[in-house]
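Asker: My questions are about this predicted structure, shown below with the sequence.
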Amino acid sequence: MKSTILVLFTSLLLSFNALAISLQEAKAQGYVGEQTNGYLGLVKETSEAKMLVKKINPKRKSHYQKIAKKNSLAVNEVATLAAEKAIKAAKKGMYIQNARGEWVKK
C-alpha cells in the first residue's frame, strides 16, 4: 500500500510540472518550504510566495484526498507520508519544517 501511495505522490509532483520552475525558484530563494503536514509553507512573506502557496496547497489537498479515498486512508495520513517524502527530497539549502514547527535549512 505504501508503494501505491508513493507512486501516486510522485504523479502529484509531476502534475505540478507547469509550476515547477517557480516553485523550485521560491524554494531555492528561501521564500517557501516543506511543512511536516504535507503542505507548502511560507518562510518569508512575499506576495509572490503567498500566491504560490495559495495555488499549490489546494491542489495538494485534492490529490491527497484522491489517494486517501483510493487506499481507504485518512487524508492526514497521506499528507504525513507526502511530507516525509518531500522533506527527504528537499535539496541542501532549502527550508524544511522541523518537529517543533521551526524552519530550518537543510
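Answerer: Everything's here; your move. Keep in mind it's a predicted model, so treat the numbers as computed, not measured.
Asker: where does this protein have low pLDDT?
Answerer: For the chain, the stretches with pLDDT under 70 are 1-21.
Asker: hey, where'd the strands end up in it?
Answerer: Ranges of strands within the chain are 32-34, 40-42, 95-97, 103-105, based on DSSP state E.
Asker: Just checking: what are the partner strands of the last one?
Answerer: If I follow you right, that is strand 103-105. Next to strand 103-105 in the sheet, as set by DSSP bridges, lie strand 95-97 (antiparallel).
Asker: for the protein, which helix is longest?
Answerer: Determined from DSSP state H, the single longest helix within the chain is helix 47-71.
Asker: what's that one packed up against?
Answerer: Here helix 47-71 touches helix 2-15, helix 17-28, strand 32-34, strand 40-42, helix 75-89, going by 3 or more CB pairs under 8 Å, 6 or more residues apart in numbering; DSSP states H and E. (Each C-beta comes from the backbone N, C-alpha and C, glycine too.)
Asker: quick one: the longest one to helix 47-71, angle?
Answerer: Same thing as helix 75-89. Between helix 75-89 and helix 47-71, the angle comes out at 120 degrees (axes from the mean of the first three to the mean of the last three CA atoms, to 10 degrees).
Asker: The longest helix of the chain: how far from the chain's middle?
Answerer: Chain-centre distance of helix 47-71: 8 Å, with CA atoms, centre = their mean, to the nearest Å.
Asker: for stretch 76-84, same thing?
Answerer: The gap between where stretch 76-84 is centred and where its chain is centred comes out at 9 Å by CA atoms, centre = their mean.
Asker: Please spell out which residues along that stretch are buried.
Answerer: Along stretch 76-84, these residues count as buried under the neighbour rule (16 or more other CB atoms under 10 Å): Val78, Ala79, Thr80, Leu81, Ala82, Ala83.
Asker: Phi and psi next, for the most far-flung residue of the chain relative to its centre.
Answerer: Distance from the C-alpha centroid of the chain, by CA atoms, centre = their mean, peaks at Ser72 (21.2 Å). Phi and psi for Ser72, reported as degrees, to the nearest 10, are phi 50, psi 50.
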